[in-house]
Structure formats: structure tokens, C-alpha cells
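Trainee: kindly generate the corresponding structure for this input.
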Amino acid sequence: MNRKIIIFILLTFIFTQYPFAQSGQRVVVIDAGHGGKDPGTIGKSSKEKNITLKVAKKVGSYITANMPGTKVIYTRTTDVFIPLEKRAEIANRNKADLFISIHGNSSNSKSVYGTEIYHFPQAYTLKTDLQDVMEDSLAKKENRVVTGEKNYRERYLQLYKMTRAKNGKDYEQSVRLAKIMDYELNKKAGRRSRGIRSAKYLVIGLTEMPAVLIEIGYLSNPNEERFMASEEGQSLIASSIYRGVKTYLNGKITEPLLAEAKPQSSAKEPTSRPVASAAKPETKAKSGTMSVTKPAPEKTAPAGKYKVQLGVFSKKIPVTESKWKQVKNLKIENVDNKYYYFDFGFPTKEEAEKAKNMLRKNGFPDAFVLPKT
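Mentor: A predicted model of the protein is given here:
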């Protein structure tokens with residue numbers, strides 16, 4: 001076979017499987033669900049719009065700090081109402097590589113908990129099916145906000161005529177992104193996965209790039225609401241989403257990883273449910289109250305505003321390898337039977353960034369900076 005043809009085939013395969021391997025700035029649009037007059041789900045002590053905004057900002061800060069060459073754009077950075085079509089327009093106008101919409105869930109049952117990742121259905125025609133979209137059983141809660149907008153029916157139908165359906169490469173990459181996010185939240189962060197699903201969410205259906213909508217947990221579950229509203233819970237969720245973005249954009253995707261993303265289960269929800277925490281002691285529900293048991297840290301960490309996460313493991317690992325000598329203030333935290341290893345106690349973000357860069361070069365390639373919680 002001609003050498004040029006072989007090279008062409010190889011390059012085509014690489015850019016098909018790893019679409020962001022080429023150089024150039026990547027753009028990620030992060031959408032904090034709801035806002036302003038639209039509070040979203042209201043829990044016992046918190047509102048969805050506030051939680052999603054805090055998580056979205058954390059995701060963006062992690063990307064900015066740890067992924068040079070990646071630009072972050074937010075659909076909102078304050079408590080304001082942004083129409084669904086405008087959120088998608090922001091991503092389309094900026095020719096984003098990814099669109100991630102962050103939401104909180106609710107259920108009539110207080111026992112339901114966990115994360116869900118949504119992508120738009122394949123090859124779904126948006127030109128004349130607005131009513132069908134509005135009545136989609138899974139997406140109805142989020143889509144209903146448009147009914148309060150002036151001339152919404154005409155505006156959205158007109159927009160649909162200018163927007164292509166989710167199909168081909170766009171659809172396939174959205175599914176791939178959803179699987180990676182599910183893996184990071186479930187396998188790496190210990191969050192319970194309720195599956196990857198397709199639904200006609202307007203906000204991801206109107207985008208012209210791979211897009212997912214992430215339900216980060218249930219505000220109707222008192223235990224999970226406390227977790228989602230906490231600093232440590234938001235940090236854990238945000239760092240998982242950040243790792244998903246990094247894995248996808250860097251093209252480090254393998255089939256075994258994707259295969260581990262579990263589909264929706266038909267099993268009944270358990271009544272007892274441990275809830276993960278990003279940086280505080282393990283928390284378990286007990287007779288409607290919250291009991292706390294502090295794990296013994298490896299050693300007392302100094303005061304500081306920032307820390308560097310080194311890794312997460314299913315069991316304690318020995319720290320006898322030479323690379324661990326680079327860690328100045330090791331702290332190990334047990335969260336939901338997973339062990340989080342940190343270099344702790346940096347007074348400024350600059351010092352934490354400097355330590356992160358050094359650690360990445362010395363055996364901790366996935367190290368990233370987190371605020372102390």
C-alpha cells in the first residue's frame with residue numbers, strides 16, 4: 001500500500017478516536033442549571049440554583065488551574081435567569097468543544113439518591129416536535145421553564161430549524177463523554193450511579209457539540225442534600241467532573257474504562273445509604289440523624305488554604321516508594337471506604353500550584369489543586 005495512504009488512514013483514525021489530540025485552545029462551556037427567578041428543585045434547606053452555581057465555578061477553577069490551553073466559559077456566574085436557548089447559543093457562538101450542564105434532582109421518595117448522566121437522543125428531529133420534547137417524561141422538569149418565556153413556542157420552533165439534530169459523530173462523542181463522567185463520579189469518587197440515559201433536554205439538544213447534562217444528586221434525600229450543599233461534597237463532585245473533562249479532551253479513553261459505566265438499574269433503591277464526602281470524615285445516616293466518625297490521619301497537617309490531591313485508592317497503600325518523599329505533608333482521608341491521599345497545608349494557591357507541578361513530574365501525573373475544606 002502507498003505510504004501516503006497509510007499515513008492518511010492512521011491520522012484519520014487518531015483524530016476520529018481522539019478528537020482533541022491536535023494542538024490549539026479547547027473551549028469548555030459550563031452551565032449552572034436554573035438561576036434567578038427559576039430556583040430549580042428546592043430542598044429542605046437549599047436550592048438547586050445555588051448548588052449548581054457553586055459546583056460549576058469549582059469545575060471551572062480546576063480546569064483553569066490544571067489544564068493550560070483550555071478556556072472555560074460559564075453560562076452564568078451569578079444568580080440570574082438565562083433562557084435555555086441562550087445557554088446553548090453561548091456554547092455555539094464560542095464554538096465550544098464541550099458543553100456540560102449541571103443540575104440537581106428530586107424524587108417523591110426520600111430514599112432515592114445518586115447521580116445520573118444524560119445525553120440527547122440520536123438523530124432526533126427538532127424541527128416540528130416541540131410538544132413531544134416538552135412532554136418527554138425524563139426532561140419535562142427542566143424543559144418546563146421555557147413555557148414562562150414570551151412567544152416561547154414560535155421562538156423555539158424557529159431555533160430548531162437552525163439547529164441540527166444530535167447524530168453521527170456529535171451523538172457518539174456525547175455518549176462517550178457521558179460514560180467518562182459516569183465512571184469518574186462512580187468509580188473514582190464513590191458516588192452511586194443511577195445510570196447513563198438519553199432524554200430530550202432542550203439545553204443539550206440545541207448545542208452543536210458533544211453535550212451532557214449531569215444530575216449530581218437528589219435534594220429530596222435529606223442526607224444527600226446535606227452532602228451536595230457542603231463544601232466538601234461540592235469539591236468532590238466538581239473534581240470528578242473536572243477529571244472527566246480532562247480524560248475526554250486529552251483523548252486518554254480506553255474501552256475497559258467505558259465498559260465499567262453501568263446502565264440504569266431496575267433494582268429498588270436501598271433504604272440505608274452512605275454518602276461520600278470530599279475531605280471530611282465518613283458520614284452515615286442513623287435514625288434520621290448524622291453521625292460522624294473521624295479517621296485517623298497519617299499525621300497532623302499544618303494549617304493552610306489549599307491542598308494537592310495525589311490519588312484515590314480502594315484500600316490503603318504503602319508510601320515507601322521514593323516518590324512519596326516528595327510529599328511534604330501527607331494526609332490520608334477515608335471517605336466511603338475509599339482512601340484519598342493529599343499533600344496538605346499550602347497557605348496560597350501559588351504554592352499549591354508549584355507543589356502540584358513538582359509532584360506531577362515526580363510520580364503523581366494526575367495531581368491537582370483543591371481548596372482546603
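Trainee: so where's this structure shaky on pLDDT?
Mentor: 1-24, 123-168, 252-304, 335-338, 371-373 (pLDDT under 70).
Trainee: how about a cut-off of 50?
Mentor: 13-23, 125-128, 134-140, 143-147, 161-164, 253-301 (pLDDT under 50).
Trainee: all helices for it, in order.
Mentor: When assigned using DSSP state H, the helices of the chain occupy the ranges 3-17, 48-66, 84-93, 130-134, 140-143, 152-161, 168-183, 202-205, 222-229, 231-249, 255-259, 349-361.
Trainee: elements contacting the last one?
Mentor: Spelled out, that is helix 349-361. Helix 349-361 sits against helix 48-66, strand 306-313, strand 338-346, strand 368-371, with contacts defined as 3 or more Cβ pairs under 8 Å, 6 or more residues apart in numbering; DSSP states H and E. Backbone N, C-alpha and C define where each C-beta goes, glycine included.
Trainee: could I get those as JSON lines with distance to S198?
Mentor: Rendered in JSON lines, the data for the helices and strands packed on helix 349-361 read as follows (distance: least, Cβ to Cβ, whole Å):
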{"stretch": "helix 48-66", "distance to S198": "21"}
{"stretch": "strand 306-313", "distance to S198": "29"}
{"stretch": "strand 338-346", "distance to S198": "30"}
{"stretch": "strand 368-371", "distance to S198": "31"}
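Trainee: in TSV: these, plus mean neighbour count and distance to Y183.
Mentor: Converted to TSV, these look like this (neighbours: other Cβ atoms under 10 Å; distance: least, Cβ to Cβ, whole Å):
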stretch	mean neighbour count	distance to Y183
helix 48-66	22	16
strand 306-313	21	13
strand 338-346	22	14
strand 368-371	21	17
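Trainee: E224: which of these is closest?
Mentor: Minimum separation from E224 across the helices and strands packed on helix 349-361 (Cβ to Cβ) falls at helix 48-66, 11.0 Å.
Trainee: quick one, what contacts T320?
Mentor: Under the criterion of Cβ atoms under 8 Å, 6 or more residues apart in numbering, T320 has no neighbours.
Trainee: please apply the same query to A238.
Mentor: By Cβ under 8 Å, 6+ apart, A238 lies in contact with 55, 58-59, 62.
Trainee: again, only this time at 10 Å
Mentor: Taking Cβ atoms under 10 Å, 6 or more residues apart in numbering as the criterion, A238 is in contact with 30, 54-63, 102, 216, 278, 370.
Trainee: gap between the spatially closest residue to it that is not a sequence neighbour and E208?
Mentor: Closest residue to A238 apart from its sequence neighbours, by Cβ to Cβ, 6 or more residues apart in numbering: K58 at 3.4 Å. Distance, K58 to E208, by Cβ to Cβ, to the nearest Å: 26 Å.
Trainee: and what of I117?
Mentor: For I117, the distance to E208 under the criterion Cβ to Cβ works out to 20 Å.
Trainee: who has more neighbours, those two?
Mentor: I117 (26 against 18; other Cβ atoms under 10 Å).
Trainee: what residues are up against the more buried one?
Mentor: Contacts here follow Cβ under 10 Å, 6+ apart; on that basis I117 touches 175, 177-183, 185-186, 193-197, 212-216, 244, 261.
Trainee: can you rerun that using 6 Å?
Mentor: With contacts taken as Cβ atoms under 6 Å, 6 or more residues apart in numbering, I117 has the following neighbours: 178, 181-182, 196, 212, 214.
Trainee: ok, which of the helices and strands packed on helix 349-361 comes nearest L330?
Mentor: For these, distance to L330 was read as Cβ to Cβ. The smallest value, 6.7 Å, belongs to strand 338-346.
Trainee: partner strands of that closest one and their direction?
Mentor: Under the criterion DSSP bridges, strand 338-346 sits next to strand 306-313 (antiparallel), strand 330-335 (antiparallel) in its sheet.
Trainee: between the ones you listed, which gets nearest to Y341?
Mentor: strand 306-313 (4.3 Å).
Trainee: with only the CA atoms kept, save that closest one in PDB.
Mentor: Taking C-alpha atoms only, strand 306-313 is exported to PDB below (Å, rounded to 0.1, in the frame of the first residue of the first chain):
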ATOM      1  CA  TYR A 306      -5.000  24.700  49.700                       C
ATOM      2  CA  LYS A 307      -4.100  21.000  49.200                       C
ATOM      3  CA  VAL A 308      -3.000  18.800  46.300                       C
ATOM      4  CA  GLN A 309      -4.800  15.600  45.700                       C
ATOM      5  CA  LEU A 310      -2.400  12.800  44.800                       C
ATOM      6  CA  GLY A 311      -4.700   9.800  44.200                       C
ATOM      7  CA  VAL A 312      -7.700   7.800  45.300                       C
ATOM      8  CA  PHE A 313      -7.500   4.100  46.200                       C
END
